[in-house]
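Asker: any chance you can model this:
(chains A, B, C, D and E)
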Amino acid sequence: MTTSAFPEGVKRCSSGKFILWLLPAFLVLLIAAYAMFRVWFYGLNQTNMNDAYGFAIWIWADLAVIALGGGAFFSGFLAYLVGVKKVKNIINFAVVLGVVCYTSALILLGLDVGQPLRGWFIFWHANIHSMLTEVAFCLTIYLGVLIVEFIPVILENPKIQKIRFFHHLSHNMHEIMAVFAATGVFLSFFHQGSLGGVPGVLYGRPFAFREGLFIWPWTFFLFTWSAAAVGPLFTATMCRLTEFITQKKLVKDDVYELLAKISGWMLLTYIIAKSLDTIYWATVTAPARGFAFMDFYSNNPAYYGVWILIAEIVICGFLPALILITQKGRENKKLLFGAAILAIIGLCINRWVMVLQVLAAPLKPFQEEWFVYSPAWTEVITTIMPIAYGIVLISIAYRYLPLFPQEKELNP
Amino acid sequence: MEKLPSHTKARHFGMVIDLDKCTGCASCMVACYSENNVSFRDEESIKLLSINWIQVYKITNGKPFPDTEVCYLPQPCMQCDGKDFGHPPCVSVCPAVATDFDTPTGIVSQIPVRCFGCRYCMAACPYHARKFNWWDPVWPADMERYLSPDVSPRMRGVIEKCTFCYHRFQRARQQAYYKGDAENIKEADYQTACTQACPSGAITFGDMDNPDHAVYTLKKSRYAFRLLERLGTQPSVYYLSTRKWVHRACDNYLEHEEPAAFAGKSA
Amino acid sequence: MSTQTDNTSNTPSNAPSPKKGATGWVILAFFVIGFGFSLLGGWVGFPNMLYKEVPHPIDFNHALHMDLVFDGCNSCHYFRADGSFSGAPTLNECRDCHQFVMGTDPNEEKFVEEYVLQDKEVPWNIFAKQPDNVYFSHAPHVKGAGMDCAACHGDIGTSESLRPYQENRITGYSRDIWGWEMSRLGEPKYAPRMKMMDCVNCHVEQTDSKGSCFQCHK
Amino acid sequence: MFPFAYEWTWYFGQYLFMGAAGFAISVVGAGLTYCIVKSIIDIMISDDHAEH
Amino acid sequence: MKIDRRCFLSLAGGLAVGHLLTPIPWKITDDIAIWTQNWPWTPVPETGPVTWKNTVCTLCAGGCGIKVRTIRDRAIKIEGRTDHPVNKGSLCPLGYASLQYLYGPSRVKTPMRRTGERGSGQFEAISWDEAISEVSGKLDALRKNGRAHTLACISGSDKGTVPVLFKRFLDAYGSPNFIRTPSGRDAHEIAAYLAQGHKDKNIGFDLENATFILSFGCGLLDGSGAPGYQFNAYSRFDKGRTLVQVEPRLSNTAARAKKWLPAKPGTEGALALGVAHVIVKNGLYDADFINGYAFGFEDWTDEGGNIHMGFKSLVNEYTPQKVSAITGLDANAIESLARDFARAEKPVAVCGYNECKPSANIDKTLAVHALNALVGNINQAGGMIVFADPEYAVSEVRKDRIATEGTAKPRADMAGTDRYPQSRYLLDLLPEVLMGANENNLPVQALMVTGANPVYTTENSETARAAFAKIPFIVSFSSFMDETAKLADIILPDHHFLEGYRDVPAPDGVGKAVTSLSAPVVKPQYDTRNTGDVIIDIARSLGGTIGESFPWKDYDTFLKQAFKEHYRDLSRNGYVIHAEKPLPWDRAFATENGKYAFYPTRRHAAGTDDKSRLPAYRELDIPGDKANGTLALIPYKSPRIAAGAVANPPFMTKTIDANVLKKEMLFIQINPETARGLNLRQGDTAVIRTPAGEARVRVNLFDGVMPGIVAMPAGLGHTAFSKFIADKGVNVNALLKPSADPAYGLNAAWGVRASLQKA
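Answerer: Residues are numbered from 1 along each chain as shown, chains lettered A, B, ... in the order given. Predicted structure coming up:
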């Protein structure tokens, strides 16, 4: 009775090598755990946040990982609701990635609140008008959905498959996966949007504030849109990275190309919308409040300079979008993934700007100084933690679960 | 929309601060600390970590010696009315209903024990009026004995801010009830601690809708303006200054724009 | 359910079950047992675990005092000139009468010996004690709305002996606040409940508004 | 979160929000329950088949 | 019956579903919600009946009436007393924060005896009996050794019954060395003596009724002097009133003044003479007063037939142009200032009091007095008024032989000696005297310190600390662990002012003679005693004529007796006003001819010519040489920093801006132009060097400081009290150096030469 713990027909490295590979990641997790203890036990004075920077690197990381984790929802949407079959070859991986991103997001959010005893008031005493409430509800439920989507993948481990109940369960869950995926898409749409709403509703902060569409500010849609556009690219890039590390071809190129094409068009439309948004904001919203466009950019400190806008929209927006919508761009894998990385950076810049630059820009004319902040070690290590955590979870998942349906075929 | 209690008269409390009178002495700040059980630490020089419900800023006209001028600007929570009288920037963002707009008084509440410290309201407030308790407050060596029972001491990890000394309104109202005339609260019966403390009489406080109160007239002055008024936050704190540079320093103007009081057309 | 199968011959209990459904009934029985156990534990065991009985320092006889004083409740629980309410009397106020033992009541004897003579405040159990962040003023309720004491405090004023005081082990507040019935249904046992929603409900009824935070919190 | 909490208001937005949240939880919960029940049934059926 | 896993699953399901229908999850969540909101370590302030009690704040000399909100025996909040004649409700931040000194880590909670090395801060608690017998034992031995005159007492004030008791104690004991800490009063006292013939009287300025205040560097709104009085006088300013501030730095007062005139420091006297010049030249002076009640305005001839220069001739040379060259102000500005001043209904010129650094410049003070005399605003509502200090009904002190001999000996600080015959107290000179003296022959063998913190407040404070440390026996009566108490051998802690009775005379400079009564608001919180009681006890335990001179049961009895019939008013109202109306001009002056002396004939001057007696402008050299110190360091007072004997309570330190104090670093203010020359930028760390010492500071660029000036806040750099103020910033007194006026011995320096170098 010796069933291999590995998926059928694939090769995996030795246990020793595997453990050695995970060791650095575990080390990071250990330090991060200590940092988390300090933050939760001694409070947020362990960070470098202050009353001007009430939101800092954690919230940025939160927004970024959620947006990047958006690959799970959008590929789910494509695979199960639109019925793009090819995407199914990468959907398992997207789900694992999603689980990593969303659990990280919740941990970071919990750290940011720094109040483990009372953080749950967001549910218990919910104010439904708050964008953050919407985020918290959707995020938590969506994480639940992601885990539900992840369960059948776990159940496909050969050892677990031997238990008849789990065998049936995984089969049955696969059967109705579309229902879960649909719920996930619904929830994602709202929490991605609400995350955009978080800065967008701040009408006291003209840098963040955007006029409304329905009951939401513009940013609601821009955030969902950008997450849908860049999330799959992130999934693809991470997949490619896994291929590189395992030195195996795991997904056929046409899957990448398809994702790239869809994302490319999404990205292009998004970046056009974002540009229009910027123009409207710079010429209508800001001047109405007495601000010139350049008031929001500063060369002191230089990391809030206008270069950030150029980088976000042109270099990390239009450029990758144009690469991805052209067939030649997609066929050249270096160009494809180069563009994907640019788009990912662009998305992270966008989230950075919407959180940190918003807070850094001085509003009172008598306070000309820009607020500056540099994260404390506790913040840095916990922000790095999702990477280590991702390495661990993906490694284990890859090792024991049939994440890539095409692996066997591509690695005979 | 919150319904107004049928038994209370609606008021709209506000403050007018005459910047031409303020000397920057900080009596208002200290009186506020003392009135509201504000905590303190041995290291308070990093102002973005220091809890102040009212803070006096020093602003200058930027001209070289000897044409330099200085103006002191006391800044409490602006108690914004926000959009449609009831939606200040900070209130609707609170995920836990720890803050709301008190429609009968126009005061923005903050209930620290309900707050769990997400700091979203702090990010939403353009005035930096909301302060976070980064540390657990400690009152060393018997200092707990001077704490006032009217204001609940806060704990680590919650936001606090100026309440326009709402407990003093409660005190006045309680006495009015006791005397049998619940609506009879005179201007002098309810004054904030900072108003009372200002040794120069720069601060005036009262019901902005009541013509008998000084603020009613003062806020209509040609030289009255509000801090960052153009953001649309509708603050309940007005400032007075006859100096144009002070007006310019307190709101954002594009180069060709002029503060309303000096815009050629009379206000 | 008809497709359920059972491959054991033992059918449980008395129910005349269909041939192949016995295990289903067993399972159901377990469910019911679990369900019942939960209900029993939750409604009977839990309240006893959650609260602990705290003895009163002195068993105060309100009725007896009411006969002796001139102004009813107000004699000892009065409004001060600033409209604040005195609450439970302090030792000094009691001492006006109880400088030494006057009657034969062992409670009075205990009071005089353990508190008056030792100049120690009595640690009364306050049934209506609320957390520090709650602002409550008697004046609007008594003077403004004309409520009488019993409306919130029950018939304590005419009682000869203090009702039991149970303290919530988690919060440290009296069981009176939540109400003695865990379900919070029906007539309150001793006095009206004093949870936030109780205040709110009454305010909504009486003033059309549940009020904003600052009305009742500080 | 619940109607007995202070912040609950009998208001359209509240129904919409809590309704949507409840709906999502219900769908996921129902889906999960369905899968579990179905799996149990499946096992029983296959047991049946195995017996005969 | 087969019980398998499914049954257990079912049981669990039943439990799960069932418990949802019980109160368990809902009630526990609710209770946890309550528990998480009420953490046991968050204090819950006790409530109770509220009372308001009137008393007086004594944390500075201001003497502001306050009311204290109390609940049971807890003082909760301090507010200004609106019906008090001094402050009329206005109160400075220190007053609002003073509850932090009633409680808090700075309090000395029991009598203490030093156990460690001097200044180490190591003390042991002792009983009051032990403490008093130790002090009286030491003093008795000193007296028996024939060195009674070597006992000295440094007091923050010489008015009020407690200083009176100390003076009396020294008298009975046999020492002349009662020393008041330096104040603006020193120069005014002398000027009042020279120009008006009044000895030891107090000059006040009726700011409340003045319509034009010309302030020569008075920090009227910077928290110095009597802050409550000054703030209140200011707050009632309406549009018809004017405040002109002459000062090299744009202080809080200057910022609020109608006009700020940044004259070069030390040239204020010249400006006063320039203003006088314009007034005289244009005949804008009060002819009534000049013709009827003044002497020495015109040139005059003495009994010997010598012709002397009058004030008019003196000011003749101070043309606006000349004064402009001296002061750096615009000549037209001087001209129009003089006209506005003279034409105002109630113009008053003030100087001296309320300056952060009381530079006792006799010429300047006389010139400013003369300005008030010129406009006839002396002893008038809204003008400059002379008051006698309140008289106390105290019997003559009984002296034995030792006492009589001891009190006749010359003072250790040289005041009243042939060298400085017209000065009363010269604490600034004492450190040098002590440093110069031989250990065995130290002129001060025992020191008592009350209401003062000379180790911190004396200029050149490090030398002062070393000098005082030489004194074999130091007794401190401080309520707080201040720098001087830390150096003491015995600390006999006084009550906090909210715990005991004390009469509080309104400070010098206030335009009315008021005494207030500080009355207990709470029970003494610790094992402290009223200093009045303690001094009576010490006297009694010394016995003999000393004991006989203190016949009162306790201090409160003495207080009642001292105020006689006034005591009832004092205790009922909390204050008494001694003199409602100042004397009319014909009775106002105690000079030989009963007139105001523009020419102070009595002046003990360095020279013999007229100009050395008249208040001519003399350029003052400040300590340090020009070669090494191209800049001048001047201290400045901030209303947010207590610069006197009592340091900042935590609340006040909390109000200090980050460009004044950041972490442990203090910022000096310099003009950007000065900074450019020194290659310094905002926030840079620099080393400042003066003849007294050096310190590391940070640089704050401020256009409102005159180029060439380094302005440093006073009141920081404490080494004692508590962690809330200790080791923050630099004590400016450690960098300053007194420079004695040759005729009066008073410190006439307005600053010190300094150099600044980027660190």
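Asker: in chain D, which spans are helices?
Answerer: Ranges of helices in chain D, per DSSP state H, are D:12-51.
Asker: quick check: residues of it near chain B?
Answerer: Proximity of chain D to chain B is confined to D:Tyr6, D:Glu7 under the rule C-beta under 8 Å from any C-beta of the partner chain. Placement of C-beta: from N, CA and C, glycine included.
Asker: angle of whichever strand or helix holds A:Phe186 against helix D:12-51?
Answerer: Using DSSP states H and E, A:Phe186 sits in helix A:177-200. Counting by axes from the mean of the first three to the mean of the last three C-alpha atoms, to 10 degrees, helix A:177-200 lies at 150 degrees to helix D:12-51.
Asker: now do helix A:177-200: which elements does it pack against?
Answerer: Judged by 3 or more C-beta pairs under 8 Å, 6 or more residues apart in numbering or on different chains; DSSP states H and E, helix A:177-200 is in contact with helix A:57-76, helix A:131-155, strand A:216-217, helix A:218-246, helix D:12-51.
Asker: what's the next helix or strand after that helix in contact with?
Answerer: The helix or strand immediately downstream of helix A:177-200 is strand A:212-213, counting by DSSP H and E. Identification of contacts with strand A:212-213 by C-beta atoms under 8 Å, 6 or more residues apart in numbering or on different chains yields A:Trp218, A:Phe220, A:Phe221.
Asker: the helix with the most length in chain C close to chain E?
Answerer: Counting by DSSP H, the longest helix found in chain C is helix C:22-40. Yes: counting by C-beta under 8 Å from any C-beta, chain E is contacted by helix C:22-40 at C:23, C:26-28, C:30-39.
Asker: need the buried ones from these selected in ChimeraX.
Answerer: The buried residues among the residues of helix C:22-40 next to chain E can be selected in ChimeraX (16 or more other C-beta atoms under 10 Å in any protein chain shown) with this line:
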select /C:23,26,27,28,30,31,33,34,35,37,38,39
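Asker: next, format the residues of helix C:22-40 next to chain E as JSON lines and append distance to chain A and pLDDT.
Answerer: Formatted as JSON lines, the residues of helix C:22-40 next to chain E follow (distance: C-beta to the nearest C-beta, whole Å; pLDDT from 0 to 100):
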{"residue": "C:Thr23", "distance to chain A": "16", "pLDDT": "68"}
{"residue": "C:Val26", "distance to chain A": "18", "pLDDT": "81"}
{"residue": "C:Ile27", "distance to chain A": "15", "pLDDT": "81"}
{"residue": "C:Leu28", "distance to chain A": "19", "pLDDT": "86"}
{"residue": "C:Phe30", "distance to chain A": "18", "pLDDT": "88"}
{"residue": "C:Phe31", "distance to chain A": "18", "pLDDT": "88"}
{"residue": "C:Val32", "distance to chain A": "23", "pLDDT": "91"}
{"residue": "C:Ile33", "distance to chain A": "23", "pLDDT": "91"}
{"residue": "C:Gly34", "distance to chain A": "20", "pLDDT": "90"}
{"residue": "C:Phe35", "distance to chain A": "23", "pLDDT": "92"}
{"residue": "C:Gly36", "distance to chain A": "27", "pLDDT": "93"}
{"residue": "C:Phe37", "distance to chain A": "26", "pLDDT": "92"}
{"residue": "C:Ser38", "distance to chain A": "22", "pLDDT": "92"}
{"residue": "C:Leu39", "distance to chain A": "24", "pLDDT": "92"}
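Asker: what about the closest residue to C:Ser159 other than its chain neighbours, neighbour count?
Answerer: Distance criterion C-beta to C-beta, 6 or more residues apart in numbering or on different chains; nearest residue to C:Ser159, sequence neighbours excluded, is C:His62 at 5.2 Å. Applying other C-beta atoms under 10 Å in any protein chain shown, we find 17 other residues in the vicinity of C:His62.
Asker: from chain E, how far out is C:His62?
Answerer: Going from C:His62 to chain E by C-beta to the nearest C-beta, to the nearest Å gives 22 Å.
Asker: between the helix holding A:Phe186 and helix A:218-246, how many degrees?
Answerer: Here helix A:177-200 points in a direction 120 degrees away from that of helix A:218-246 (the same axes, to 10 degrees).
Asker: and A:Pro24, what is it in contact with?
Answerer: A:Ala388.
Asker: ok, 10 Å please
Answerer: Contact analysis of A:Pro24 by C-beta atoms under 10 Å, 6 or more residues apart in numbering or on different chains lists A:Ala388, A:Ile391.
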